[in-house]
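Chemist: Pasting a predicted model and its sequence here:
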Amino acid sequence: MGTHLRAISMPTVAVTVALLGALSACDPAHPTATLSTPTPTATPTPQPTPSPTPDSEMVSIAATGVGTYLLAAIPVAVIHNDAHAHAATGVIVHFSTHRGGAQLGSLDAVPVNLLAGETLAVAANCTDACNNASGADATVTVGRWREVPGVSVSAAGASYQCGTCRGGHGYGHVSGTLSAAGLGSNAAVVAFAVCRDAGGAILGGGSAQLVWPGGPSLAVEVSVVVNDLPATCELGASTGW
């Protein structure tokens with residue numbers, strides 16, 4: 001048996017290929033695909049969460065001084081709460097006075113409270129035991145550190161009125177206004193005054209324990225003892241929380 005091959009003419013093949021090409025170009029079921037390259041999305045670099053800085057739970061002493069007149073002596077210490085997130089409560093300043101290298105009387109000021117970062121001049125009355133003191137040393141103890149902010153007491157408009165009205169040792173009064181938003185009536189408040197010379201050195205001061213009558217502000221007057229006519233005087237205050 002032999003194999004029979006059927007020849008296909010070249011014109012027929014060409015027509016068939018051309019017809020298939022035309023049908024493919026017109027077929028809506030087979031659209032020409034357009035490829036697009038996706039834009040890469042930038043991944044944000046994670047930022048580290050900052051750790052809270054350690055709090056410096058310490059009350060430092062910025063300056064000391066003493067004012068004297070007759071038998072009265074008023075040691076003063078400017079203290080500062082170095083903490084940035086904690087209040088210091090029950091802060092007691094321990095004073096020791098001296099004259100010509102000899103130690104005189106020692107005493108404690110009334111306890112005060114300091115907000116975080118607050119500075120306050122604290123004074124005490126050392127009549128008789130500290131007679132004619134020429135200087136004062138101070139140390140500080142803190143009763144407790146707290147995260148509760150407490151009530152802020154601010155002072156404004158401090159002015160000095162002389163009592164003796166002469167140069168040298170004498171006495172006078174510092175008056176001004178205390179403000180304390182949210183402080184209830186009958187709250188115990190202690191007000192302090194500090195007086196300085198033109199160079200900023202402490203000349204003396206005084207203190208007064210008050211009862212807050214209610215309302216946002218209170219006019220006060222604090223008696224002071226000074227070593228000379230002061231260039232400036234300031235008021236400050238603390239209250240229990």
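Modeler: Okay, I see it.

Chemist: quick one, what contacts the residue nearest to Ser238 when sequence neighbours are not counted?
Modeler: By the measure of Cβ to Cβ, 6 or more residues apart in numbering, the closest residue to Ser238 outside its immediate chain neighbours is Val112, 3.8 Å from it. (Glycine included, C-beta is placed from N, CA and C.) With contacts defined as Cβ atoms under 8 Å, 6 or more residues apart in numbering, Val112 is in contact with 91, 93, 120, 122, 190, 238.

Chemist: and the residue nearest to the third one when sequence neighbours are not counted, what element?
Modeler: Pointing back at Leu120 there. Of all residues not flanking Leu120 in the chain, Gly236 sits nearest, at 4.8 Å (Cβ to Cβ, 6+ apart). Assessed by DSSP states H and E, Gly236 sits inside strand 232-239.

Chemist: Then Gly67?
Modeler: Per DSSP H and E: strand 59-69 holds Gly67.

Chemist: and the helix or strand just after that strand, which strands flank it?
Modeler: For strand 59-69, the succeeding helix or strand toward the C-terminus, using DSSP H and E, is strand 72-81. Its sheet considered, strand 72-81 pairs with strand 59-69 (antiparallel), strand 119-123 (antiparallel) by DSSP bridges.

Chemist: Go through the last one and flag the buried ones.
Modeler: The neighbour-count check on strand 119-123 (16 or more other Cβ atoms under 10 Å) flags 120-123 as buried.

Chemist: Just give me the closest of the contacts of Val112 to Val220.
Modeler: Closest approach to Val220 among the contacts of Val112 (Cβ to Cβ): Val190, at 10.6 Å.
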